[in-house]
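> Quick one: sequence plus predicted model below, questions after.
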Amino acid sequence: MRVFNFAAGPATLPLEVLQQAREELLDWQGSGMSVMEVSHRGKAFIACAEAAEGELRKLLAVPANYKILFLQGGGTGQFSAVPLNISTPESTVDYINTGSWSKKALGEAKKYAKVNVAADEAASSYTTVPEQSALKLTPNAAYVHYTPNETIGGVEFPYIPNTGNVPLVADMSSTILSRPFDVSKFGVIYASAQKNIGPSGLAVVIVRDDLLGKARPITPSILNYTEMAETQSMSNTPPTFGWYLSGLVFRHIAGNGGVAHIAKQNEAKAKKLYDAIDSSGFYKNPVAKNCRSWMNVPFTLAKPELDKTFLAEAKAAGLVNLEGHRSVGGMRASIYNAMPPAGVDALIAFMKEFQRRHG
């Protein structure tokens, strides 16, 4: 029996996509082989890869002056790739710290450049994001990096920072494809796949053409945007199954109303869950209301001693992976694109019944 999987990542995938992959697993496109067994240099897989890229370009309305790369190393690999590709050791790079993932990104960047922390939300225990006017940006920075959504804290930017002529870099691992946005406002966008794109092991990078050709000589080839762009992300064997499955997800989104439809559904799911938490008197979300995440909803119980009971009973009800991150505790419901509204409804119904019995 399929359960409702609220994991932060690897996360739930669309059922229709999994079913298609199952049907094609042993014989992909009449080849008599799995897609995992065919050559990445063969015409069939190259066509598959190009189709996936084309679908993503259409879904996000990516301008022609941006390259889309399918790389290995996940989002964490890009913590190093970004400074290695678009800064020098003498550069100042600006980082906005709103939680665990932006903190890790800026920590990695310190190995390669001079980091200016343009804002740090530690005073609120990372339950807020800074106002645009509070950002202490460096006028000639090589770039400004931020994390639009923090999966652990459940904090989300309600705006895109204005960085003027300085390239804006975004770790969109947990928000990409969840709503429309203007790609042209960014210099680099990167996203690990295991939330809204596909299986883990893949990272998608969208990079503006004028930022290519700047990689340091020490940059590893598989992290070098220019080299990977010139070889269509195939300077080495790419994660072929992840790329194929991501293409299925892109087509699934396109065939179900596109990103605009997904956005309306995501907003409605999040509002319904937050309303249930706020009105309960038993559950609580710590994040400021103006920057609550659509994707990751942390909450605590009025009686923390009931946490283990809540998780056990939720699992028995087919609601799994609701544990909060080990660094913060409590609960966390990750409701990415592939989480159906029925899953959120089931969680809310369970929460109400749990409160009735244990509140």
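Nice, I can see it. Residues are numbered from 1 along each chain as shown.
> make it CA atoms for all contacts and neighbour counts henceforth
OK.
> which residues does residue 92 form a beta bridge with?
residue 114 (DSSP bridges).
> Next, work out how far apart it and residue 209 are.
Separation of residue 92 from residue 209 (C-alpha to C-alpha, to the nearest Å): 21 Å.
> So between those two, which is more surrounded?
The neighbour comparison of residue 92 against residue 209 (other C-alpha atoms under 10 Å) goes to residue 92, with 21 against 16.
> separation between that one and residue 140?
From residue 92 to residue 140 the distance is 8 Å (C-alpha to C-alpha).
> mind listing what's buried in the longest helix that the chain contains?
Counting residues, the longest helix found in the chain (DSSP state H) is helix 258-278. Buried residues in helix 258-278, defined by neighbour count with 16 or more other C-alpha atoms under 10 Å: 258-260, 262-263, 265-266, 269-270, 273-274, 276-277.
> got it, and stretch 38-52?
38, 40, 45-46, 48-49, 51-52.
> Narrow those to those in helices?
The members of the buried residues of stretch 38-52 that map onto helices under DSSP H are 45-46, 48-49, 51-52.
> I'd like the residues you listed as JSON lines, with pLDDT and distance to residue 112 appended.
What follows is these, written out as JSON lines (pLDDT from 0 to 100; distance: C-alpha to C-alpha, whole Å):
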{"residue": "45", "pLDDT": "96", "distance to residue 112": "36"}
{"residue": "46", "pLDDT": "97", "distance to residue 112": "34"}
{"residue": "48", "pLDDT": "97", "distance to residue 112": "36"}
{"residue": "49", "pLDDT": "97", "distance to residue 112": "32"}
{"residue": "51", "pLDDT": "98", "distance to residue 112": "35"}
{"residue": "52", "pLDDT": "98", "distance to residue 112": "33"}
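> out of those residues, who's nearest residue 314?
residue 52 (36.3 Å; C-alpha to C-alpha).
> Give me the pLDDT value at the closest residue to the closest one other than its chain neighbours.
The spatial neighbour of residue 52 that comes closest, neighbours along the chain excluded (C-alpha to C-alpha, 6 or more residues apart in numbering), is residue 247 at 4.2 Å. Listed pLDDT for residue 247 reads 98.
> cool, and the one 3 residues further on?
At residue 250, the model reports a pLDDT of 98.
> Just confirm it contacts residue 55, I think it does.
Yes - here residue 250 reaches residue 55: they are 6.0 Å apart, a contact under C-alpha atoms under 8 Å.
> All the helices of the chain, in order from the start?
15-24, 43-60, 74-86, 100-109, 225-230, 240-254, 258-278, 307-316, 341-358.
> does residue 117 really touch residue 97, like I thought?
Yes - counting by C-alpha under 8 Å, residue 117 does reach residue 97; the two are 7.0 Å apart.
> With neighbour numbers in mind, choose between the two.
Neighbours per residue (other C-alpha under 10 Å) separate residue 117 from residue 97, with residue 97 holding more: 24 against 19.
> now residue 334, nearest residue through space, not along the chain?
residue 296 (4.3 Å).
> same question, residue 265
Residue 265 sits nearest to residue 341 (C-alpha to C-alpha, 6+ apart), 7.6 Å away.
> Relative to residue 269, how far out is the one you found?
The value you get for residue 341 to residue 269, if C-alpha to C-alpha is used, is 6 Å.
> do the same with residue 347
In terms of C-alpha to C-alpha, residue 347 sits 11 Å off from residue 269.
> Then residue 303?
Distance of residue 303 to residue 269, given as C-alpha to C-alpha: 25 Å.
> pretty sure residue 192 is touching residue 203, no?
Yes - between residue 192 and residue 203 there is a contact at 4.3 Å, judged by C-alpha under 8 Å.
> Now do the shared contacts for these two.
74-75 (C-alpha atoms under 8 Å, 6 or more residues apart in numbering).
> residues contacting residue 283?
Residue 283 makes contact with 277, 299-302 under the criterion C-alpha under 8 Å, 6+ apart.
> from these, which single one is nearest residue 13?
Closest approach between these and residue 13, by C-alpha to C-alpha: residue 299, at 23.3 Å.
> which residues touch the closest one?
By C-alpha under 8 Å, 6+ apart, the contact set of residue 299 is 277, 283-286, 330-332.
> Mind putting these into TSV with pLDDT and distance to residue 217?
Output for these, formatted as TSV (pLDDT from 0 to 100; distance: C-alpha to C-alpha, whole Å):
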residue	pLDDT	distance to residue 217
277	98	51
283	98	52
284	97	50
285	97	46
286	96	45
330	94	45
331	98	45
332	98	42
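> Which ones among those residues lie within strands?
Per DSSP state E, strands hold the following members of the contacts of residue 299: 283-284, 331-332.
> Neighbour-wise, give me the winner out of those.
Among the ones in strands among the contacts of residue 299, the one with the most neighbours (other C-alpha under 10 Å) is residue 332, at 25 neighbours.
> Tell me what that residue is bridged to.
Note on residue 332: beta-bridge partners by DSSP bridges are residue 298.
> Many thanks, have a good one.
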